[in-house]
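S.K.: here is the input, now give the coordinates:
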Amino acid sequence: MSQIPPSPRPDDALSADDAQLAALGFESEFKRDMSLWANFSLGFTYLSPVVGIYTVFAIALVAAGPPMIWSLLIAGVGQFLVALVFSEVVAQFPVAGGVYPWARRLWGRKWAWMTGWVYLFALLATIAGVAYGAGPFVATVVGFTPSVTTTIVCALAVLILATVINLGGTKILGYAAIFGFAAELVGALVVGIWLLVTERHHGLRALFDSFGAQGSHSFLYAFLAASLIGVFQYYGFEACGDVAEEVKNPGIQIRSPCAAPSTSGAPRQPSCA
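M.R.: Presented below is the predicted three-dimensional model:
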């Protein structure tokens, strides 16, 4: 005689994602319609290796010469470890809000309050800096003569466009992130291959020759100054976690997108040889 299966209880109808949030004291209000690729693309475009390199590559090259390229590898290894920490924290606390709720659960309200304010100012500075840095490029594309005024106007236009995309919802943001990821990947590969094939004028030994960039001082000082390029190149690992609550099964899937951007910056740098 077969047994009649018991009727499902309300708790049994909860998904694993909702159950994990319920254990943390949250009730999800998101549709979880951001795909894994969209989440990865969001983290990649936030890090944006092409933007970071084109903005500060010349400064680092002047400071320490071609050997500055090794600072990217050193910073990349260290920041990859940081990215692994972020991915583990996000997997344990996949909630919206970014570093504030993580810090609150790990260290308490006082540290979370300080972390939240630091993160807020960091975001404001980052967004303003990136928009202003994009101003001259946008001005050139639309046919303006680059100047302080046109740079500010174009930067404001970039900020308005970014705001409209964010207000469009998760799917629109995901599509924009995937488009940005594809465009940056193709652009980086095309430019990198073109430089290596047609504009290579030195051998690999040039990567170990500073050409006197340090002047009369120790090369260590010059190399440390140039290594600041890594600060502008490897960051934003928390971007994937900020929207973890909008991804299905974030406890498992969010780890790879959170750590992967840190490995995607260095291989796409143009050669200084």
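S.K.: for the stretch 1-150 of the chain, what spans make up the helices?
M.R.: Counting by DSSP state H, counting those that start in this stretch, the stretch 1-150 of the chain has helices at residues 16-23, 36-47, 49-64, 69-92, 99-106, 109-142, 148-167.
S.K.: dump those helices into TSV; add distance to E238 as well.
M.R.: Where you see a C-beta, it was placed from the backbone N, CA and C, and this is true even at glycine. Output for the helices of the stretch 1-150 of the chain, formatted as TSV (distance: least, CB to CB, whole Å):
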stretch	distance to E238
helix 16-23	19
helix 36-47	9
helix 49-64	17
helix 69-92	6
helix 99-106	6
helix 109-142	8
helix 148-167	17
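S.K.: for Y221, find the nearest of the ones you listed.
M.R.: helix 49-64 (9.0 Å; CB to CB).
S.K.: which other helices and strands contact that closest one?
M.R.: Applying 3 or more CB pairs under 8 Å, 6 or more residues apart in numbering; DSSP states H and E, one finds that helix 49-64 contacts helix 109-142, helix 170-198, helix 219-226, helix 229-233.
S.K.: switch to 7 Å and redo it
M.R.: Using 3 or more CB pairs under 7 Å, 6 or more residues apart in numbering; DSSP states H and E, the elements in contact with helix 49-64 are helix 170-198, helix 219-226, helix 229-233.
S.K.: dump the ones you listed into a markdown table; add distance to V141 as well.
M.R.: Formatted as a markdown table, the helices and strands packed on helix 49-64 follow (distance: least, CB to CB, whole Å):
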| stretch | distance to V141 |
| --- | --- |
| helix 170-198 | 13 |
| helix 219-226 | 30 |
| helix 229-233 | 22 |
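S.K.: tell me the most buried of the ones you listed?
M.R.: For the helices and strands packed on helix 49-64, average neighbour numbers computed from mean count of other CB atoms under 10 Å are highest in helix 229-233, which has a mean of 21.
S.K.: could you dump that helix to PDB, C-alpha only?
M.R.: What follows is helix 229-233, C-alpha atoms only, in PDB (Å, rounded to 0.1, in the frame of the first residue of the first chain):
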ATOM      1  CA  ILE A 229      49.800  51.500 -10.800                       C
ATOM      2  CA  GLY A 230      48.600  48.300  -9.100                       C
ATOM      3  CA  VAL A 231      46.300  50.400  -6.800                       C
ATOM      4  CA  PHE A 232      44.500  51.700  -9.900                       C
ATOM      5  CA  GLN A 233      44.600  48.300 -11.600                       C
END
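S.K.: next secondary structure element downstream of that helix?
M.R.: For helix 229-233, the following helix or strand on the C-terminal side (DSSP states H and E) is helix 238-242.
S.K.: how far off centre is that following helix?
M.R.: 9 Å (CA atoms, centre = their mean, to the nearest Å).
S.K.: in it, what's buried?
M.R.: E238, A239, C240, G241, D242 (16 or more other CB atoms under 10 Å).
S.K.: not counting its neighbours along the chain, what's nearest the last one?
M.R.: Meaning D242. In this structure, D242 finds its nearest non-sequential neighbour in G98, 4.3 Å apart by CB to CB, 6 or more residues apart in numbering.
S.K.: quick one: low-confidence ranges for the protein?
M.R.: Scanning the chain for pLDDT under 70 picks out the ranges 1-33, 245, 249-273.
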